[in-house]
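1. fold the following for me, if possible:
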Amino acid sequence: MSVFKHSNIARLAGRTYVHTQVKSIIVNSYKVLETEQPNKVVKDESGQSVHLPTHPLNRFGYNIEFDSKGKYEEYTIDYVTLAAHIVALHKETKTQDVDFDIPCKEYVRN
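-> Below is the predicted model:
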């Protein structure tokens, strides 16, 4: 599964680890998303769902910053797919009886 591949890369790059329950929530959510919502949260100029370019020169994606319109170079955030990812994570937190909270509530529209 791709989540494991990326987590191995993160370990090699010196990234921090997450709590086992957080890992479980993410892994289980993405298992569901692989079949229910296979699109990535980023589109290219032609509207195709793509992975962001990650390599050492952009700090494996950490130097990528989208503007206020959701654009970065030829990439655009697919907000519908992003919302599906958030919903999947939220559902899994409920399944695992974890309190899901939004850390920046002032940015959420009612």
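
2. where does pLDDT dip in the protein?
-> Where the chain drops to pLDDT under 70, the residues are 1-16, 100-110.

3. which residue ranges of it form helices?
-> 2-12, 20-36, 79-95 (DSSP state H).

4. a markdown table for the ones you listed, including distance to residue 70?
-> All C-beta atoms are positioned from the backbone trio N, CA, C, and that covers glycine. As requested, the helices of the chain are exported to a markdown table (distance: least, Cβ to Cβ, whole Å):
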| stretch | distance to residue 70 |
| --- | --- |
| helix 2-12 | 22 |
| helix 20-36 | 20 |
| helix 79-95 | 7 |
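
5. kindly reformat those helices as TSV containing distance to residue 67 and mean neighbour count.
-> Shown next, in TSV, are these (distance: least, Cβ to Cβ, whole Å; neighbours: other Cβ atoms under 10 Å):
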stretch	distance to residue 67	mean neighbour count
helix 2-12	25	12
helix 20-36	26	14
helix 79-95	14	15
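
6. those: which one's closest to residue 51?
-> Nearest to residue 51 among the helices of the chain is helix 2-12 (9.4 Å), distances taken as Cβ to Cβ.

7. in the sheet, which residues pair with the residue lying closest to residue 44 once chain neighbours are set aside? Tell me.
-> Of all residues not flanking residue 44 in the chain, residue 50 sits nearest, at 4.8 Å (Cβ to Cβ, 6 or more residues apart in numbering). Counting by DSSP bridges, residue 50 is bridged to residue 42.

8. if I look at residue 50, how far off is residue 72?
-> Residue 50 is 12 Å from residue 72, where distance means Cβ to Cβ, to the nearest Å.

9. cool, and residue 43?
-> Counting by Cβ to Cβ - residue 43 and residue 72 are separated by 11 Å.

10. between the two, who's got more neighbours?
-> residue 43 (18 against 15; other Cβ atoms under 10 Å).
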